[in-house]
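Asker: sequence plus the predicted model coming up.
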Amino acid sequence: MGLGTDLYRVITIEREYGSGAGEIASKLASKLGWKLWDRELTAEIARAANVDPESVSTCEERVDRGFQRLVKVFWRGSYERRADIEHPPFGPDRLVEVGERVMRDLAERGQCVIVGRGAPYFLRQRDDSFHVFLYAPRSEKLRRIEARGVSPQDAQELVETVDRERMHFVKHYFGADWPTRSLYHLMINTAIGDENVLSALLHTLRSMEREYAV
């Protein structure tokens, strides 16, 4: 059930934490017959950077500060570097560098749905990329998170902290506010239900494809 033309070959999904974007992106990719890059993207960036996926996970959408900066300054200023070290210790700065390269490559291949990791910012100049932002009321986000078995206390902490880190990440690396509303073609409140979100997305995409084909 792919799209009818080459107008859009990439869909990026940015999201508030707990809005259900991961599940919705997976269903969207399945309906379109496209490749989903969510957890798989973490593994792909790790492969490209030649590091463990866990190293990527701990850095994703976080600002590089504190100890990691000191380590990098020390590494860059060392005259006794080991010959087998090719890159500085992996941190958010390196994640952004490698992540941009990986996502540009994925976009060139096309027919993919990319979740988060700065994708709409890296690909903002591409006319064949359709950018979506998913959000939800706090109560809906807590409900979704707790449904995964997370305690109410931990769910509240996650809602309060994860998006704040994303906000700092975007401001630090892209010099933009988060969310950058002018960047997105569509912003949807997922409290309307996953199927309604998918229906709205597919209807909009196909409507735009039909206009392009005329």
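Answerer: Received, thanks.
Asker: I'd assumed residue 134 was in a strand, is it?
Answerer: Yes: Residue 134 forms part of a strand when assessed by DSSP: H, G, I helix; E, B strand; the rest coil.
Asker: kindly export the helix or strand that residue 202 is a member of (C-alpha atoms) in CSV.
Answerer: Using DSSP states H and E, the secondary-structure element containing residue 202 is helix 194-213. The C-alpha atoms that make up helix 194-213 are tabulated as CSV, following Å, rounded to 0.1, in the frame of the first residue of the first chain:
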residue,chain,number,x,y,z
ASP,A,194,-3.6,5.6,16.9
GLU,A,195,-5.9,4.5,14.1
ASN,A,196,-7.2,8.1,13.7
VAL,A,197,-3.7,9.4,13.7
LEU,A,198,-2.7,6.9,11.0
SER,A,199,-5.9,7.7,9.0
ALA,A,200,-5.1,11.5,9.1
LEU,A,201,-1.5,10.9,8.1
LEU,A,202,-2.3,8.6,5.2
HIS,A,203,-5.2,10.8,4.0
THR,A,204,-2.9,13.9,4.0
LEU,A,205,-0.1,12.1,2.2
ARG,A,206,-2.3,10.6,-0.5
SER,A,207,-4.1,13.9,-1.0
MET,A,208,-0.8,15.7,-1.6
GLU,A,209,0.3,12.9,-3.9
ARG,A,210,-2.8,13.3,-6.0
GLU,A,211,-2.3,17.0,-6.3
TYR,A,212,1.3,16.4,-7.3
ALA,A,213,0.2,13.9,-10.0
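Asker: list the buried ones in it?
Answerer: Across helix 194-213, burial judged by 16 or more other CB atoms under 10 Å covers 197, 198, 201, 205, 208. No exception for glycine: its C-beta is placed from N, CA and C like everyone else's.
Asker: so what touches the helix or strand that contains residue 161?
Answerer: Of the helices and strands defined by DSSP H and E, residue 161 is found in helix 152-174. Helix 152-174 is touched from outside by 16-18, 61-64, 92, 96, 118, 121, 138, 141-142, 145-146, 150, 176-178, 180, with contacts defined as CB atoms under 8 Å, 6 or more residues apart in numbering.
Asker: tell me where the chain has strands.
Answerer: With DSSP state E, the ranges of strands along the chain come out as 10-15, 35-37, 112-115, 129-135, 186-189.
Asker: would you turn those into a markdown table with distance to residue 105 and mean pLDDT?
Answerer: What follows is these, written out as a markdown table (distance: least, CB to CB, whole Å; pLDDT from 0 to 100):
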| stretch | distance to residue 105 | mean pLDDT |
| --- | --- | --- |
| strand 10-15 | 11 | 96 |
| strand 35-37 | 11 | 95 |
| strand 112-115 | 11 | 96 |
| strand 129-135 | 14 | 97 |
| strand 186-189 | 25 | 97 |
